[in-house]
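Peer 1: mind folding the following:
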Amino acid sequence: MKKIRKWLEEYQDHLGYLVISIVSLVVTGIYAYYQSDVISLIIFLYFVGDAIYRVNAYFHYKADTLKKIESISYRVKHAGETAFNQLPMGILLYDEAYEIVWFNGYLKRVFNQDLHDKVLKDLSEQLYNRSLGDEESFKITVNQQTYQVLHMKDERLMYFTDYTEYTELSRKYVNEQPVVGVLVMDNYDEVFHNLNEQEKSEFYGKIISIIMQWADQHKIYIRTTASDRFVLMMPYEVLQQLRETKFTIIDKVREAAKEKDIMLTISIGLATGYDSFSELGQRANYMLDLALSRGGDQVAIKIASDDKFLFYGGKTNPVEKRNRVRARVNAQAYERLVRDSERVIIMGHRYPDVDAIGASIGLLRMGIASKKEAYIVLKQEELDKTAKNFVDEILKDEKLKKYFISSEAAIELMTKNTLLVVADTQDPKMVIEPALLPRAKKVAVFDHHRRGVDVIDSVLSFAEPYASSTVELVVDMFDYYSQKIKMTPLEASIMLAGIIVDTRRFSYHTGRRTYETAAILKQKGAEEKLVQQLLRTPLENYYSKAHLIERAEIFKDEFIIACADDEMVLEKVQIAQTADELLNVQNIKASFVISRIDEQYIGISARSLGDVNVQVLMEQLGGGGHLNNAATQMRSSSTQDAVLQLKEVIVKELEESGESK
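Peer 2: Sure thing, here's the model as predicted:
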């Protein structure tokens, strides 16, 4: 193009010179005619010769320029035709019936067949299906090669570019991304404390051998940083392999320990996709903490490009910790927070149960013991009948009643120097008054549920899934609080009721500390008769339980699901009691009861005997809990729709575990 432009410029110059020469000839001719001298004639003849030369040069250069341009045009046209047919880009035109009307030679080589009289569906089912959509760009696979397709639907035109090399490079980049992990033995100190030196050596050697063989098999870099702690490094490709096999290492270690009648498990935190190894290490440690706070015996994974947290394992109940170091540390930390605050505001979860109310009372008394202004947030419209029985007793007690305030009052009292305490939940969406969380500069959390993905950002968190109840955790701190904790028999009775309800009258999830806590509360005046009176079930609860049991159905041979009529509104305690009852059905591994709990929310209570992790199932529906005792509250169009969602989650879990029937 530059040459053509240059030729055209030169052509214009010749034309300009010719015009000037002719004008000069005319002027000198007129001058010579009137002067009639020799000099004028000579000048005239000069311009005649110059004009003849200019005319000849002009027409000669014009012909030469046109010849050159024609030559260039031919070469450009030929190059265009060659590019159209030979360059590595496929071009395809189709009509309204998706029949191919034109294609270039490259595309014929791509599909390795004649494309005349073909429709898109004949070429590729994948190409045809994608062409029906509105995507401007998509990828397809043809003969094990990947092609990027630019689809101009309005023109019914497609461009195909070979994307195979880039796809392979991208896959290699992803597969080689570093993964950093931390592996720990969950209850190392408790297990090895009770073994003699020979048993310690033999058992430790066996567990280490299992872990090292597993690492060697998958080409994982592993190094010991402490007797019970290991650092792991691997590429992302290996992580994918481990996910496909569901991290069998945690099962192998657990089974090896069972052979020796030892309850030892391992937990692993893994992270990948972050920019630096420092961030990878921090995130891996965070995921390990998350795995441990969920009860251990599991793997927790965070992939930076994925918004979801991934969990594997968690098939056993957490083992009760024997030392009380954490209780002492958290009691002292809580006391410092209370001492440095202007006031303390305590709240539990929405639709609070007796455990949430009892734990809140214990935390209230600790705040009062430090001579601080303290209150408990309560919404009386969000109480089931069992909890309401206890609240009614509280409201009869003028001294205790003054400490219970509404959400509106709590918001008005919240200042930058107010300590907000959350009891019996770690989920920011589940608290009684979510508006308090962003207003609080200091938050402390006390909970006994397995930790979920969404947790409250706090300066102090005492969350132990091994505890029977949040009341147990609170009472654990009493002995280490520098101020003496005083409470009335009513307050102690409510706290004892919290333990009784959460342990199903000491028949579930109890340990040595559970009975010690009950004994402490008994010493502080808890009255068993009062607890029994307030826990009595109304007659209508038996009617609703019978209604639910009558509607129960067996699902996948091992699950039983009971769903109330969509118009029926039941209390959480009624749903929970029915789920407990249905778990006694022969050959059933898990029970689920579904009912409306108000106009907006549908509640699901889930129970299992330990073979099914109902916490994982409820987490997928927005809830949580324990391995064999969990629940959720969800917005749904109907209870039947909730049943369908629950069944989808169960089927998905069965398929992932390879147990689908």
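
Peer 1: all strands of the stretch 151-300 of the chain, in order?
Peer 2: For the stretch 151-300 of the chain, the strands defined by DSSP state E, counting those that start in this stretch occupy 157-162, 178-185, 221-226, 229-235, 266-272, 298-303.

Peer 1: in the stretch 301-450 of the chain, which ranges drop under the pLDDT threshold?
Peer 2: 307, 315-323 (pLDDT under 70).

Peer 1: all helices of it, in order?
Peer 2: 325-339, 354-369, 385-396, 398-401, 407-413, 436-439 (DSSP state H, counting those that start in this stretch).

Peer 1: out of those, which one sits most buried?
Peer 2: Across the helices of the stretch 301-450 of the chain, averaging neighbours per residue (mean count of other CB atoms under 10 Å) puts helix 354-369 on top, at a mean of 26. From N, CA and C alone the C-beta is placed, and that goes for glycine too.

Peer 1: that older thread, can you put the helices of the stretch 301-450 of the chain in CSV and add distance to D502?
Peer 2: Output for the helices of the stretch 301-450 of the chain, formatted as CSV (distance: least, CB to CB, whole Å):
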stretch, distance to D502
helix 325-339, 18
helix 354-369, 5
helix 385-396, 12
helix 398-401, 22
helix 407-413, 25
helix 436-439, 24
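
Peer 1: V238 is nearest to which of the ones you listed?
Peer 2: With CB to CB, the closest approach to V238 among the helices of the stretch 301-450 of the chain belongs to helix 325-339: 34.4 Å.

Peer 1: circling back: quick one: closest of the helices of the stretch 301-450 of the chain to N584.
Peer 2: That would be helix 385-396 among the helices of the stretch 301-450 of the chain, by CB to CB, at 21.0 Å.

Peer 1: the closest one vs helix 354-369, what angle?
Peer 2: Relative orientation of helix 385-396 versus helix 354-369 (axes from the mean of the first three to the mean of the last three CA atoms, to 10 degrees): 30 degrees.

Peer 1: quick check: phi and psi at K556.
Peer 2: phi 60, psi 30 (degrees, to the nearest 10).

Peer 1: for M634, give the beta-bridge partners.
Peer 2: I602 (DSSP bridges).

Peer 1: OK, contacts around it?
Peer 2: Y601, I602, I604, L621, G622, G623, A642, Q645 (CB atoms under 8 Å, 6 or more residues apart in numbering).

Peer 1: taking these, tell me the two that lie furthest apart.
Peer 2: Spanning the widest gap among the contacts of M634 are Y601 and Q645, at 13.9 Å by CB to CB.

Peer 1: which stretches in the stretch 451-600 of the chain count as helices?
Peer 2: Under DSSP H, counting those that start in this stretch, the stretch 451-600 of the chain gives helices at 470-478, 489-502, 512-523, 528-534, 539-550, 572-582.

Peer 1: these: which one's closest to L436?
Peer 2: Nearest to L436, of all the helices of the stretch 451-600 of the chain, is helix 470-478, at 18.2 Å by CB to CB.

Peer 1: so what does the closest one touch, helix or strand wise?
Peer 2: helix 325-339, helix 354-369, strand 442-447, helix 489-502, helix 512-523 (3 or more CB pairs under 8 Å, 6 or more residues apart in numbering; DSSP states H and E).

Peer 1: C-alpha coordinates for that helix, CSV please?
Peer 2: The C-alpha trace of helix 470-478 is given here as CSV (Å, rounded to 0.1, in the frame of the first residue of the first chain):
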residue,chain,number,x,y,z
THR,A,470,-23.3,-24.1,75.1
VAL,A,471,-24.3,-24.1,78.8
GLU,A,472,-21.5,-26.6,79.4
LEU,A,473,-18.9,-24.3,77.8
VAL,A,474,-20.1,-21.4,79.9
VAL,A,475,-20.1,-23.3,83.2
ASP,A,476,-16.6,-24.6,82.3
MET,A,477,-15.4,-21.0,82.6
PHE,A,478,-16.9,-20.3,86.0
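
Peer 1: so, low pLDDT: which residues of the stretch 501-650 of the chain?
Peer 2: For the stretch 501-650 of the chain (pLDDT under 70), the answer is none.

Peer 1: can you get me a residue count around T639?
Peer 2: 19 (other CB atoms under 10 Å).

Peer 1: contacting residues around it?
Peer 2: T639 touches C563, A564, D565, D566, I594, S595, R596, I602, counting by CB under 8 Å, 6+ apart.

Peer 1: roughly how far apart are it and D566?
Peer 2: T639 sits 5 Å away from D566, going by CB to CB, to the nearest Å.

Peer 1: mind checking how far the residue lying closest to Y98 once chain neighbours are set aside is from Q148?
Peer 2: Closest residue to Y98 apart from its sequence neighbours, by CB to CB, 6 or more residues apart in numbering: L120 at 4.6 Å. Distance of L120 to Q148, given as CB to CB: 17 Å.

Peer 1: of the two, who's got more company?
Peer 2: Neighbour count, other CB under 10 Å: between L120 and Q148, L120 has more, with 20 against 16.

Peer 1: which two in the contacts of T639 are spaced the farthest apart?
Peer 2: D565 and I602 (12.1 Å).

Peer 1: okay, those two: which has more neighbours?
Peer 2: I602 (27 against 15).

Peer 1: please enumerate the strands of the stretch 551-661 of the chain.
Peer 2: For the stretch 551-661 of the chain, the strands defined by DSSP E, counting those that start in this stretch occupy 553-555, 559-563, 590-596, 602-608, 624-626, 629-634.

Peer 1: turn these into TSV, including distance to T272.
Peer 2: Output for the strands of the stretch 551-661 of the chain, formatted as TSV (distance: least, CB to CB, whole Å):
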stretch	distance to T272
strand 553-555	36
strand 559-563	34
strand 590-596	33
strand 602-608	32
strand 624-626	25
strand 629-634	29
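
Peer 1: among those, which is nearest S137?
Peer 2: Closest to S137 of these, according to CB to CB: strand 629-634, at 37.2 Å.

Peer 1: now the closest one against helix 572-582, angle please.
Peer 2: Going by the same axes, to 10 degrees, strand 629-634 makes 140 degrees with helix 572-582.

Peer 1: can you give the distance of strand 629-634 from its chain's centre?
Peer 2: 19 Å (CA atoms, centre = their mean, to the nearest Å).

Peer 1: now stretch 393-412
Peer 2: Its chain's C-alpha centre and that of stretch 393-412 lie 38 Å apart, by CA atoms, centre = their mean.
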